[in-house]
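> Make a model of this:
(2 chains)
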Amino acid sequence: DTEVTQTPKHLVMGMTNKKSLKCEQHMGHRAMYWYKQKAKKPPELMFVYSYEKLSINESVPSRFSPECPNSSLLNLHLHALQPEDSALYLCASSQVPLAGGPNEQFFGPGTRLTVL
Amino acid sequence: GQQLNQSPQSMFIQEGEDVSMNCTSSSIFNTWLWYKQDPGEGPVLLIALYKAGELTSNGRLTAQFGITRKDSFLNISASIPSDVGIYFCAGQFRASNTGKLIFGQGTTLQVKP
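A predicted model of the protein is given here:
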């Protein structure tokens, strides 16, 4: 069983909808990540949270809004998405990365998002 | 941006055969990770490597951190049908404290029973 869970498993939304993706980890990690993955491509980093603070935003459009309510939870709020935003959205967690230190990231099962 | 060259891009092998794939980088890494991803699921961490020359096994899987710190390989021995999936290597730059991983493009493995 994965210790990083994501809900929902699947989501279909229209371009005018507002929805949220949720991620929870039970590994005691203090770093959490959102990735976007297209079919047969590697995951692309979107956001990094470290100690519940946003540390990296990879120039993601503002229609994606992350939130980290506490050390175990990570949300991704979606608004006015485009069809090209359809993808698998992955959450991951790790120990807080230190220079030269380990960075084993553990992924959740993902949310398959379809934007109509 | 930085890229990892992962090869081969795909493999179609007979059950029982051994498999080898590798990743190379133009930059020095301090961490190499190998993941497997099944269709519709998230990547699962198989092996983590932290020292140049390190050789680590996980069941039928063996991975090594290259001496130059710029490459890594993953071997799978005696493949079975459940080994089917996409294998990704990922690396972290030596001085990085951002948590950013650089991913290879993936190796798609198909196993014929």
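> Walking through chain B, point out its strands one by one.
B:4-7, B:10-14, B:19-25, B:29-37, B:44-49, B:55-58, B:61-65, B:71-76, B:85-93, B:102-103, B:107-112 (DSSP state E).
> need the residues of chain B near chain A, please.
When proximity is defined as C-beta under 8 Å from any C-beta of the partner chain, chain B approaches chain A at B:30-31, B:33, B:35, B:40-45, B:48, B:50, B:86, B:88, B:90, B:92, B:94-101, B:103-106, B:108. To be clear about C-beta, it is placed using only N, CA and C from the backbone, and glycine gets the same treatment.
> most centrally placed residue in chain A?
Per C-alpha atoms, centre = their mean, the C-alpha nearest to the average position across chain A is that of residue A:34, at 2.5 Å.
> in chain B, which segments are predicted with low confidence?
B:1-2, B:95-96 (pLDDT under 70).
> quick one on the thing from earlier: mark which of the residues of chain B next to chain A are buried, thanks.
B:30-31, B:33, B:35, B:41-43, B:45, B:48, B:50, B:86, B:88, B:90, B:92, B:96-101, B:103-106, B:108 (16 or more other C-beta atoms under 10 Å in any protein chain shown).
> contacting residues around residue B:72?
By C-beta atoms under 8 Å, 6 or more residues apart in numbering or on different chains, the contact set of residue B:72 is B:22, B:23, B:32, B:34, B:49, B:63, B:64, B:65, B:66, B:89, B:91.
> how deep is residue B:82 tucked in, by neighbour count?
By other C-beta atoms under 10 Å in any protein chain shown, the residues close to residue B:82 number 8.
> any idea how far it lies from residue B:76?
Look at residue B:82 and residue B:76: by C-beta to C-beta, to the nearest Å, they are 11 Å apart.
> cool, residue B:46 as well?
According to C-beta to C-beta, residue B:46 and residue B:76 sit 10 Å apart.
> who's more crowded, these two?
Using other C-beta under 10 Å, the more surrounded residue of residue B:46 and residue B:76 is residue B:76, with 24 against 18.
> separation between that one and residue B:65?
Counting by C-beta to C-beta, the separation of residue B:76 from residue B:65 is 17 Å.
> Common neighbours of residue B:46 and residue B:76, please.
Common contacts of residue B:46 and residue B:76 (C-beta under 8 Å, 6+ apart): residue B:61.
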